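Chemist: 3D model of this:
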Amino acid sequence: MKFLNEAVIENTKNLKDKFSQSAGTKCVCIDNFFAPDVAKTLFNDFPSFDKSQQKNEFGDVGLKAVYERLSEISPGYKAISDYFSSDDFNKVIQDICGDETVFWGGETMYGGGTHENLNGIELDQHVDFNFNDLTKEHRRLNLLIYLNPIWSEEWGGNLELQTDPRNPEKNDVRSFTPIFNRAVLMETTESSWHGFSRINIPSSSEVHSRESLALYFYSKSRPADEVHGGHGTYYIHRLPSKEFEVGSVLNKECFDDINNLIAKRDAFLSLYQEREKENSIRMEATINYCNFLLSKIRLPISGMAVQLEVADGYFPEGFIGLDMSVKVRALARVKRLALKIYAREALAFPLSLSIMWNQLQLTKSDILAPGVHTLDVDLDLKNGDEGFLAIEASNGSSGAIEGVNDDQRIFSVLIDSVTFISDGD
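Modeler: Coordinates of the predicted model:
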């Protein structure tokens, strides 16, 4: 069975050129996307408006219903869902966008599926969430296919891609009327602003809603310059209608519009404030947990002393940086310190190591070659004495410098053991 229009498959090179060369958000509009019989089936089997699926960002009942699990709608939708998962379909999308790593996110991806928007609704300009925390995948593309056999541009609901909705004077707007079997493939980035204008279908029309199919594509990674911290969807609300200007008479329509905009703004402010509270709680818990983990990172100290605080410049792998400091307490009379270290070949030799107690240099040793070395240091401590043991190294290296990984941390020597030796030892 042919799901896509043959012209789409045959024309992928031209569609790729249009996609890559489009100004602003990369996108391409494809009319007659599905084969005619497939498009007709998707329209005929489109699910009726389900009130249980019409919750908005605030948990309130809105004017939009989403049905994510396509395979449960009808046999026709089950067949198209299986096709979306196929290599053949994903290859078409990959060829158009020029990225062979993207793939359809599947039915369980949040927010995809059939979308039905009732009369009077609009979708403010927004940038989509960019990362799926559960699957650890990056959101890369939206494919939107419209399924209304009858639609007029004057009815609104037009998909709008904008370059800078915060700056109306410099904002560039591209608009696509949601006519039947039209698809729009667009990238999702930190600047891919999009939404649709308010739907205003005449009461005399047999059409009562705007129907579409939304597919979201992901990848395991994305270009480094596009990687940002994970975030949810965020919006920019439109300005009041053009009738709201100096000298105009405030009619009821304009008055209601302004009140709706204020109510929407306040609802989102409340939503973001609640999110900030939740994030603050998570942040505090994360900081506390990190501090707990740090407190468990101990130097391999043995003999007549104990570590008191978190060591500065000591890594969980056992290496120190260019300088390390740790507070310790003597548990008995201490006369000597035995420091066993391992120096890697990646270091520059001779390697100079300075060992200090409370900023007073005890010894300075030159390590001439890689390998295991033991340094014996005279140290005079009484039972209960506290102070800072510090080690300074003349050079270090990192995984990034050595080309083995992306680790930027500078490692010097590995500490095998630190032994505080008493009179009787």
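
Chemist: so where's this structure uncertain?
Modeler: 51-61, 423-425 (pLDDT under 70).

Chemist: domains for it, by residue range?
Modeler: With domains defined by automatic domain parsing, the chain comprises 6-238, 301-422.

Chemist: what's the single longest helix in this structure?
Modeler: helix 252-296 (DSSP state H).

Chemist: list the buried ones in stretch 92-102?
Modeler: For stretch 92-102, burial by neighbour count (16 or more other Cβ atoms under 10 Å) applies to Val92, Ile93, Gln94, Asp95, Ile96, Cys97, Asp99, Val102. All C-beta atoms are positioned from the backbone trio N, CA, C, and that covers glycine.

Chemist: farthest pair within the residues you listed?
Modeler: Within these, two members stand farthest from each other by Cβ to Cβ: Val92 and Asp99, at 12.5 Å.

Chemist: need the phi and psi values for Gln94.
Modeler: As for Gln94, its main-chain torsions (degrees, to the nearest 10) stand at phi -60, psi -40.

Chemist: got it, and Asp99?
Modeler: According to degrees, to the nearest 10, Asp99 has phi -140, psi 110.

Chemist: how about the most centrally placed residue in the chain: what's its closest non-neighbour residue?
Modeler: Residue closest to the average C-alpha location in the chain (Cα atoms, centre = their mean): Gly230, at 2.6 Å. Ranked by Cβ to Cβ, 6 or more residues apart in numbering and with sequence neighbours excluded, the top spatial neighbour of Gly230 is Phe131, at 3.7 Å.

Chemist: mind checking how far the residue nearest to the centre of the chain is from Gly105?
Modeler: Distance, Gly230 to Gly105, by Cβ to Cβ, to the nearest Å: 15 Å.

Chemist: show me the contacts for Glu211.
Modeler: Phe43, Phe46, Thr114, His115, Glu116, Tyr146, Leu147, Asn148 (Cβ atoms under 8 Å, 6 or more residues apart in numbering).

Chemist: again, only using 6 Å
Modeler: Phe46, Glu116, Leu147, Asn148 (Cβ atoms under 6 Å, 6 or more residues apart in numbering).

Chemist: I'd like these as CSV, with distance to Gln21 appended.
Modeler: Listed next are these as CSV, based on distance: Cβ to Cβ, whole Å:
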residue, distance to Gln21
Phe46, 34
Glu116, 33
Leu147, 28
Asn148, 29
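
Chemist: dump these into TSV; add neighbour count, secondary structure and distance to Leu261 as well.
Modeler: Below are the contacts of Glu211 laid out as TSV (neighbours: other Cβ atoms under 10 Å; DSSP: H, G, I helix; E, B strand; the rest coil; distance: Cβ to Cβ, whole Å):
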residue	neighbour count	secondary structure	distance to Leu261
Phe46	20	coil	31
Glu116	23	strand	24
Leu147	24	coil	30
Asn148	21	coil	27
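
Chemist: now, which of the residues you listed sits nearest Tyr235?
Modeler: Nearest member of these to Tyr235, counting by Cβ to Cβ, is Glu116, at 20.3 Å.

Chemist: I'd like the domains of the chain laid out as TSV, including distance to Phe255.
Modeler: Shown next, in TSV, are those (distance: least, Cβ to Cβ, whole Å):
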stretch	distance to Phe255
domain 6-238	16
domain 301-422	57
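
Chemist: nearest to Glu245, out of those?
Modeler: Across those, closest to Glu245 is domain 6-238 (Cβ to Cβ), at 13.1 Å.

Chemist: what about the residue nearest to Ala338 when sequence neighbours are not counted, distance to Thr101?
Modeler: Of all residues not flanking Ala338 in the chain, Thr419 sits nearest, at 4.3 Å (Cβ to Cβ, 6+ apart). Going from Thr419 to Thr101 by Cβ to Cβ gives 52 Å.

Chemist: contact partners of stretch 330-345?
Modeler: 304-305, 351, 367, 370, 372-377, 379, 381, 383, 385, 413-423.

Chemist: list the buried residues of that stretch.
Modeler: So for stretch 330-345, counting by 16+ other Cβ under 10 Å, buried means Ala330, Leu331, Ala332, Arg333, Val334, Arg336, Leu337, Ala338, Leu339, Ile341, Ala343, Arg344.

Chemist: just stretch 18-29 next, same as before
Modeler: Lys18, Phe19, Ser22, Gly24, Thr25, Lys26, Cys27, Val28, Cys29.

Chemist: show me the residues you listed that map onto strands.
Modeler: Cys27, Val28, Cys29 (DSSP state E).

Chemist: contacts only, for the second one.
Modeler: Pointing back at Val28 there. Leu15, Lys18, Phe19, Leu185.

Chemist: pull the most distant pair out of the residues you listed.
Modeler: Going by Cβ to Cβ, the pair spanning those furthest: Lys18 and Leu185, at 9.8 Å.

Chemist: Lys136: neighbour count?
Modeler: Counted with other Cβ atoms under 10 Å, residues neighbouring Lys136 total 11.

Chemist: equivalent analysis for Leu414, please.
Modeler: Neighbour number of Leu414 under other Cβ under 10 Å is 16.

Chemist: show me what contacts it?
Modeler: Gly318, Phe319, Tyr342.

Chemist: ok, Ser197 next?
Modeler: By Cβ under 6 Å, 6+ apart, the neighbours of Ser197 are Gly156, Asn158.

Chemist: how much space between it and Glu122?
Modeler: 6 Å.

Chemist: got it, and Phe217?
Modeler: Phe217 is 25 Å from Glu122, by Cβ to Cβ.

Chemist: pick out whichever of these two has more residues nearby.
Modeler: Using other Cβ under 10 Å as the criterion, Phe217 and Glu122 rank with Phe217 on top: 27 against 18.

Chemist: just checking, the more buried one touches His138?
Modeler: No: Phe217 is not in contact with His138 according to Cβ atoms under 6 Å; the separation is 9.8 Å.

Chemist: what segments of the stretch 1-150 of the chain are helices?
Modeler: 6-10, 12-21, 36-44, 75-84, 87-97 (DSSP state H, counting those that start in this stretch).
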